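[1] Quick one, what's the 3D model for this:
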Amino acid sequence: MFVSLILKGGPMMIPIFLGSIIALAIVLERFWTLWKIRLNLSRFTRGILDLLEEGKIQKALERCARVRHPIGDLFKLAILNRHLPRNEVEAMMEREGDEQIQYLERYMGALIIIIGVEPMMGFLGTIIGLIQAFMTWEQMGANITVNALAGGIYQAMITTAAGLSVAIPGFIFYHLIMGKIKHHAQEMTYYGNELLDLLFQIQEGGAR
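    Numbering: from 1, shown residues only. Have a look, this model is predicted:
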């Protein structure tokens, strides 16, 4: 049934189908990436801050290196450069955070292009199908039958449905993934500031 529908959809079903495969691959890969880096950031940050307050710098760095979440690299960068002025450390953390977020957003540009193009390819298939139907009608004139028109009408309906069937769930998944990435970015900023506050409190205390 599924194969027959694809065949009746005409040649436009090929790019629509390929786009759906690529979109699915991107969605699964991004969900897998976000699942791998899952971490209780509040607990992790509290543990790092406790180690720093106790003066256990090396243990804090080792714990940062063990986590897969981007905040591990962010914290490690700040701790290693804690002797620099705060504005320099903040700038370094901002650049590192941007790079980490860009990694999390990898392939999302391609996904949004597919989401936008799929319905248009479906509508193009619709136009092609209707053109074929009217050309058949013109050729057969008064002898036109429903069966003669069915091929073009099938194509017109199937391609539109196929394009929207890919775009709608793709649109939902895109915003779910981007929402999760935005949440990660906000948490990294919040806990990064907590780390900076403590690092420079310790530094000021040592200076006294």
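[2] just the helices in this structure please.
    Ranges of helices in the chain, per DSSP state H, are 2-8, 13-36, 41-53, 57-66, 70-80, 86-104, 108-140, 146-207.
[3] Could you check the angle the third one makes with helix 57-66?
    With axes from the mean of the first three to the mean of the last three CA atoms, to 10 degrees as the criterion, the two stretches helix 41-53 and helix 57-66 enclose an angle of 160 degrees.
[4] any low-confidence regions in this structure?
    Residues of the chain that meet the criterion pLDDT under 70 lie in 1-9, 133-134, 136-155, 203-208.
[5] got JSON lines for the helices of the chain, with mean neighbour count too?
    C-beta here means a position set from N, CA and C on the backbone, and glycine is covered the same way. Converted to JSON lines, these look like this (neighbours: other CB atoms under 10 Å):
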{"stretch": "helix 2-8", "mean neighbour count": "11"}
{"stretch": "helix 13-36", "mean neighbour count": "16"}
{"stretch": "helix 41-53", "mean neighbour count": "16"}
{"stretch": "helix 57-66", "mean neighbour count": "15"}
{"stretch": "helix 70-80", "mean neighbour count": "21"}
{"stretch": "helix 86-104", "mean neighbour count": "15"}
{"stretch": "helix 108-140", "mean neighbour count": "17"}
{"stretch": "helix 146-207", "mean neighbour count": "16"}
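[6] Check the burial of the residue nearest to residue 36 when sequence neighbours are not counted by counting its neighbours.
    In this structure, residue 36 finds its nearest non-sequential neighbour in residue 68, 5.7 Å apart by CB to CB, 6 or more residues apart in numbering. Residues near residue 68, counting by other CB atoms under 10 Å, number 12.
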